[in-house]
Structures are given as C-alpha cells and as structure tokens.
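**Q** attaching a predicted model along with its sequence, questions to come.
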Amino acid sequence: MPDILSRHNILTPLHNKTDWLLVNLLHQQADVIEAELAHRIRSGEVLDAGSADPDYRELAEKGYISDDASEQSAYRLAYSDFISARDESEVQVFYVPGYACNFACDYCYQDGYTHAAHPHQDEVIDAFFAHTDEALAGSCLLYTSPSPRDRG
C-alpha cells in the first residue's frame with residue numbers, strides 16, 4: 001500500500017521565525033522543522049523521495065508518514081483508548097450562565113460595562129443542575145466554573 005502523509009498532521013509556520021511546527025495528534029509527536037522540509041512536506045516531494053531519504057525515514061518513524069491501513073488501525077486503537085479513559089473518569093461539566101464574568105475582581109477592567117439582565121437566570125440554572133443531577137446520576141461530577149448557585 002502506498003505511503004501517505006498522515007491526515008492527523010498539522011503544519012504551521014512559527015511566528016516571527018523561519019522554522020515551522022509539525023504536529024501529529026494521533027501519534028503524539030511535535031517537531032520544529034526547517035522551512036525547506038516544510039515545503040517538501042506541503043508539496044508531497046518528501047513522499048516521492050522514498051525510504052532512502054533520511055527525512056522520509058524520520059517522518060515515517062514518528063507517524064507523520066504512514067500507509068492508510070496503519071493510520072486507520074492506529075486511529076481505532078487511540079479512539080478505543082479514549083473511550084475507555086472517558087468511561088473511567090469523572091464527568092466534567094462547564095456551565096457558562098452568560099458572557100459577563102462573575103468573579104468581581106477589584107482590578108477588573110470590565111467592571112464598568114453593563115450586561116444585559118437575564119430575567120429567568122435562576123430558573124435556567126436550577127433546570128440545568130436538575131438535569132445534570134438526573135442525567136448523570138451516579139457519575140462523579142466535576143464542575144469547573146464558579147456557579148451563581150454556589151453563592152448561597
């Protein structure tokens with residue numbers, strides 16, 4: 001099967017640099033590469049060079065270059081691992097009741113801005129927590145945002 005550039009690659013120039021960042025999320029790799037190699041990757045020239053090319057070999061070892069069957073197999077395995085980890089971890093709930101910050105820091109520059117009132121906000125918050133309590137009963141819940149509900 002012919003080798004391909006992984007569809008999980010991200011290639012982007014580094015800000016104010018001539019170097020590029022090459023990341024492969026599936027294989028958990030990240031490398032800073034020179035612009036010339038980035039050009040060879042973007043144009044597909046690195047694939048044409050084949051396994052005799054040291055750049056090709058290094059990219060293949062790290063998963064940036066693969067064959068389609070291996071890529072799909074690695075994706076299925078990673079997805080299975082993700083589902084297993086998700087099923088064994090706490091449920092993380094993040095609720096944003098509005099766009100206004102509710103920390104009320106003394107130094108906040110947003111303090112002078114007025115925010116639209118939400119006349120039924122308490123009812124919405126109560127309904128949200130009632131739903132999570134019912135839908136996620138038995139789960140370990142981790143709320144990651146301060147809630148007006150907690151202000152007593």
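**A** Good, I have the coordinates.

**Q** mind listing what residue 27 touches?
**A** Residues in contact with residue 27 (Cβ atoms under 8 Å, 6 or more residues apart in numbering) are 6, 8, 62, 63, 64, 74. C-beta here means a position set from N, CA and C on the backbone, and glycine is covered the same way.

**Q** surely it is in a helix?
**A** No: counting by DSSP: H, G, I helix; E, B strand; the rest coil, residue 27 is located in no helix; its state is coil.

**Q** state the distance from it to residue 70.
**A** Using Cβ to Cβ, to the nearest Å, we find residue 27 at a distance of 10 Å from residue 70.

**Q** can you pull out the helices in this protein?
**A** Secondary structure of the chain by DSSP state H: the helices cover 35-43, 45-49, 54-61, 68-88, 121-135.

**Q** now the most centrally placed residue in the chain, nearest residue through space, not along the chain?
**A** Compute the mean C-alpha point of the chain, and by Cα atoms, centre = their mean the closest residue is residue 25, 9.0 Å away. In space, not counting the residues next to it along the chain, residue 25 is nearest to residue 8; the distance is 5.0 Å by Cβ to Cβ, 6 or more residues apart in numbering.

**Q** test my guess that the one you found contacts residue 29.
**A** No: counting by Cβ atoms under 8 Å, residue 8 does not reach residue 29; the two are 9.5 Å apart.
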